[in-house]
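>>> Turn this into a structure:
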Amino acid sequence: MPAAERPRLRTRLALVYAAAAVVLGAVPVAVVGLGAWTARSTQAVGDPAGPGTASNTGSVLLAVVAGLIVVALVAAPIGWALAGRALRPLRELTAAAEGATADRLPAHGELGRYEEFADLSATLAGLYTRLDVVYAAQRRFVADASHELRTPLTVQRTLIQVTLADPDADARVLRAGYAELLRIGEQQERLVAALLALAQGQQGPVATEPVDLAALAGEAVATRPGCTTDLRPALVAGADQTLLASLIGNLLDNAVRFNHEGGRVEVFTATRGTRAVLTISNTGPVVPEDAVDRILRPFQRLTTPRTQSGGSGLGLAIVRAIAESHGADLRVVPNPGGGLTVTVAFPTVP
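Have a look, this model is predicted:
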């Protein structure tokens, strides 16, 4: 229904107040009218009618109706004013919401003296706080993504300028420059693919079906030799197979990339109670306890630059997004000797 055609709550409240006042006012008016009413003449039959003995029903009814009209006329503006006063907090909340932007969210305390308005105000304040956190994370992500994409572009431009400025550049130098440009281009492709995977993970499952973690992990390990496996059936209820394959692939890629020469990667799947559990553990550099939350955020690494590690800094952020979209519990624990143990517990099929 268009906004112009919707009835106003203030009008309805005022009419209800006026109607209630008329109904309640009818009682005393009727009592007074009954007290003054003489329904019939007390004149003896056959005697001529006297002026003081005629029925006053008409005049009493007229007085009662006039009294009710007066009550209605007085009650209507009073009800309008009271309704406006009662609905004032709603107008303030509406004005605050209309002025909200991504850069400026309203911050206000409780509005109104009534519990309902105070609860609504507190709820909206909590919503604005959560939105502020989301907008801040989005701005930080965009800034980080811009930086990550700008860095290889700057390197490409510098490489081309240096090569063109070299008067003695021969075919070998040009081939070396082209090879480096191809490597940087492939790095950018991986970064864009990781950004798309992160967006898909945050969007959540598109098609849901029971998925066996053991089967997906087996397929992923087959393309990454050197992993130790203990794969037992672990059926996830209502999962997106493509997203779960991306989650396992990112965990394995991280476990292989950030590892020692000759280190180990262990993959385990099983069903524990009402959870289908995936655990991937590796050796590698020591990860401080206070760095776990940071490396789960996009573009966050310990100390190794992306240009040296070959990673995009999005692997664990993708894992976290996919796990949250599937209602899974994600647990990342640093190993005492170095490396991480990542456990993801999904709801299993009953």
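>>> Measure how buried residue 244 is and give me the count.
25 (other Cβ atoms under 10 Å). For the C-beta atoms, the positions are set from N, CA and C on the backbone; glycine is no exception.
>>> got a list of what it touches?
Taking Cβ atoms under 8 Å, 6 or more residues apart in numbering, we find residue 244 in contact with 211, 213, 216, 236, 322, 326.
>>> could you pull out the helices for the protein?
9-36, 57-86, 88-98, 115-165, 171-203, 213-222, 241-257, 292-295, 306-309, 315-325 (DSSP state H).
>>> I'd like those as CSV, with distance to residue 269 and mean pLDDT appended.
Listed next are these as CSV, based on distance: least, Cβ to Cβ, whole Å; pLDDT from 0 to 100:
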stretch, distance to residue 269, mean pLDDT
helix 9-36, 57, 72
helix 57-86, 59, 76
helix 88-98, 47, 73
helix 115-165, 31, 76
helix 171-203, 20, 77
helix 213-222, 4, 93
helix 241-257, 9, 90
helix 292-295, 22, 86
helix 306-309, 27, 46
helix 315-325, 15, 86
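>>> Deepest in the core, which of the ones you listed is it.
Most buried of the helices of the chain, by mean neighbour count (mean count of other Cβ atoms under 10 Å): helix 315-325, with a mean of 23.
>>> Show me what that helix packs onto, helices and strands only.
Using 3 or more Cβ pairs under 8 Å, 6 or more residues apart in numbering; DSSP states H and E, the elements in contact with helix 315-325 are helix 171-203, helix 241-257, strand 329-334, strand 340-347.
>>> re earlier: now, which of the contacts of residue 244 sits nearest residue 142?
Among the contacts of residue 244, residue 322 lies closest to residue 142 (Cβ to Cβ), at 20.8 Å.
>>> Nearest residue to that closest one in space, please, no chain neighbours.
Among residues not flanking residue 322 along the chain, residue 201 sits closest, at 4.0 Å (Cβ to Cβ, 6 or more residues apart in numbering).
>>> Sketch out the low-pLDDT regions of the stretch 251-350 of the chain for me.
Scanning the stretch 251-350 of the chain for pLDDT under 70 picks out 303-312, 350.
>>> try it again with 50
305-308 (pLDDT under 50).
>>> could the helices of the chain go into CSV alongside distance to residue 277?
Output for the helices of the chain, formatted as CSV (distance: least, Cβ to Cβ, whole Å):
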stretch, distance to residue 277
helix 9-36, 53
helix 57-86, 55
helix 88-98, 43
helix 115-165, 28
helix 171-203, 19
helix 213-222, 8
helix 241-257, 13
helix 292-295, 19
helix 306-309, 28
helix 315-325, 12
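>>> Of all those helices, which one is nearest residue 337?
Smallest distance to residue 337 across the helices of the chain (Cβ to Cβ): 14.6 Å, for helix 241-257.
>>> and the closest one with helix 213-222, angle?
If you take axes from the mean of the first three to the mean of the last three Cα atoms, to 10 degrees, helix 241-257 sits at 50 degrees to helix 213-222.
>>> Return the member of the contacts of residue 244 nearest to residue 146.
Out of the contacts of residue 244, the member with the shortest distance to residue 146 (by Cβ to Cβ) is residue 322, at 23.9 Å.
>>> so how far is residue 330 from the closest one?
9 Å (Cβ to Cβ, to the nearest Å).
>>> Kindly report the same for residue 227.
Counting by Cβ to Cβ, the gap from residue 227 to residue 330 is 20 Å.
>>> Could you point out which of the helices of the chain sits nearest residue 267?
Counting by Cβ to Cβ, residue 267 lies closest to helix 213-222 out of these; the figure is 5.4 Å.
>>> neighbouring contacts of that closest one?
227, 229, 231-236, 241, 244-245, 248-249, 252, 267, 269, 276-278, 346.
>>> Please check these and keep the buried ones.
Neighbour counting by 16 or more other Cβ atoms under 10 Å classes 227, 231, 234-236, 241, 244-245, 248-249, 252, 267, 269, 276-278, 346 among the contacts of helix 213-222 as buried.
>>> Could you find the closest non-adjacent residue to residue 86?
The shortest distance from residue 86 to any non-neighbouring residue, by Cβ to Cβ, 6+ apart, is to residue 13 (7.2 Å).
>>> Who are the contact partners of the one you found?
By Cβ under 8 Å, 6+ apart, the residues touching residue 13 are 79, 82-83, 86-87.
>>> same deal with residue 208?
238-240.
>>> distance of it from residue 249?
Applying Cβ to Cβ to residue 208 and residue 249 gives a distance of 19 Å.
>>> now do residue 295
Between residue 295 and residue 249 the distance is 18 Å, computed by Cβ to Cβ.
>>> next one: residue 292
From residue 292 to residue 249 the distance is 21 Å (Cβ to Cβ).
>>> Residue 159 now?
Distance, residue 159 to residue 249, using Cβ to Cβ: 31 Å.
>>> next one: residue 21
Per Cβ to Cβ, residue 21 is found 72 Å from residue 249.
>>> Distance from stretch 272-281 to the middle of the chain?
Here the centre of stretch 272-281 is set off from its chain's centre by 27 Å, with Cα atoms, centre = their mean, to the nearest Å.
>>> just stretch 276-292 next, same as before
28 Å.
>>> what about that stretch, how long is it end to end?
One end of stretch 276-292 sits 23 Å from the other (Cα to Cα, to the nearest Å).
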